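J.: Have a look; sequence and predicted model below, questions after that.
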Amino acid sequence: MQLCKPFFLFIHLLLIFALPVAGQYDFIVSDAEGCTPMKVKFEFTSTATVDTITSFYWDFGNGQTSNLESPDSVTYNTAGNYTVGLIYNNRTDLLIGKPDFITVHRTVPANFTYYDSVTYNTYVFQHTEPLETGTTYDYLWDFEGVGTRTGSREIIVFPSTDTFQVTLTVSDNFGCTSTNSQLVLVMEAITIQNVFTPNGDNINDYFLVSSEGGFPLVLRIYTRAGTLVYENEGTVLTWDGKTASGQELNPGIYFYSLEALQGDPNKRFSRAGVLYMYK
């Protein structure tokens, strides 16, 4: 027998108010409470000596239905309380309804951001996901080369300039747990000079910037009128006061812009400023 859509709607309304039907038939679950994404196995049970079950219709309360006898892979992706019902033999009077039978708690993702402070090897880490009201949370950070910390926000001084793995685990009082890891590149603080003297005396002859080999940069030099006179890319950049074609420029005030081509999510190397060239 094919069930029509109006019948499905009728069944859904019944489930809201239904109580379990006493008798020889019931169903059990692998877990009645858990964390998103929660996977549940449902099992139809019977104490009847002779079964006369010919069809099944499950409504799991999350928009999913099934015609299997014992569905073994029902997923709840959203926190809440779910009413579950089962009709067998296409008879609404044989409805087994269990209001608020499945309880699902939200698993808060362990996503975090970080940014460097004024001191080059000091970084601030912050868990970024919104929390659930009435739920308590525990944090466990594992900072490679440093150790563990337990706050939602931590200020960490790394021991050197290097790449360190940072892992955050967030858990709550319902047993929901999430873990996330990121690699953090700790770089020296970039220092950019504002005066150079390209006069051939081997003292301060070049305007020099470097990413310490970390990732490529692009440097652009402009006149006061906004004309681009020099542009170059690389991990170490030097400008000798000439155009790209080798033409010497006059002493005076120039403007520079510097940015990383890649690998600099916190815009650490994005700079712009004034440069004075004397001879």
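T.: Structure's in. What do you need?
J.: How about the secondary structure of residue 93?
T.: Secondary structure state of residue 93, per DSSP: H, G, I helix; E, B strand; the rest coil, is helix.
J.: Skip the chain neighbours and tell me the closest residue to residue 176.
T.: Closest residue to residue 176 apart from its sequence neighbours, by C-beta to C-beta, 6 or more residues apart in numbering: residue 35 at 3.6 Å. No exception for glycine: its C-beta is placed from N, CA and C like everyone else's.
J.: do residue 72 as well
T.: Leaving out its chain neighbours, the residue that sits closest to residue 72 by C-beta to C-beta, 6+ apart is residue 41, at 4.5 Å.
J.: so who does the residue nearest to residue 176 touch?
T.: By C-beta atoms under 8 Å, 6 or more residues apart in numbering, residue 35 lies in contact with 104-107, 174-177.
J.: between the residues you listed, which has the most around it?
T.: Within those, neighbour counts (other C-beta atoms under 10 Å) peak at residue 104, which reaches 25 neighbours.
J.: Which pLDDT value belongs to residue 7?
T.: Looking at residue 7, its pLDDT stands at 42.
J.: typed the wrong thing, it's residue 189
T.: pLDDT at residue 189 comes out at 63.
J.: if we can go back for a sec, let me have the contacts of residue 35 in CSV, adding secondary structure, pLDDT and distance to residue 158 as columns.
T.: Putting the contacts of residue 35 into CSV (DSSP: H, G, I helix; E, B strand; the rest coil; pLDDT from 0 to 100; distance: C-beta to C-beta, whole Å) gives the following:
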residue, secondary structure, pLDDT, distance to residue 158
104, strand, 98, 39
105, strand, 98, 35
106, coil, 98, 33
107, coil, 98, 30
174, coil, 97, 34
175, coil, 97, 32
176, coil, 98, 30
177, strand, 98, 26
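J.: how's the chain carved up into domains?
T.: 5-104, 112-185, 195-277 (automatic domain parsing).
J.: Go through those and find the least confident stretch.
T.: The minimum mean pLDDT among the domains of the chain belongs to domain 5-104 (a mean of 84).
J.: Next, the most centrally placed residue in the chain: phi, psi?
T.: Geometric centre of the chain, nearest residue: residue 111, 4.2 Å, by C-alpha atoms, centre = their mean. Here the main-chain torsion angles of residue 111 (degrees, to the nearest 10) amount to phi -80, psi 140.
J.: I'd like the distance between it and residue 127.
T.: Separation of residue 111 from residue 127 (C-beta to C-beta, to the nearest Å) stands at 7 Å.
J.: before we move on, back to that, would you turn the contacts of residue 35 into a markdown table with distance to residue 46?
T.: Compiled in a markdown table, those are given as follows (distance: C-beta to C-beta, whole Å):
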| residue | distance to residue 46 |
| --- | --- |
| 104 | 27 |
| 105 | 32 |
| 106 | 35 |
| 107 | 35 |
| 174 | 33 |
| 175 | 32 |
| 176 | 34 |
| 177 | 37 |
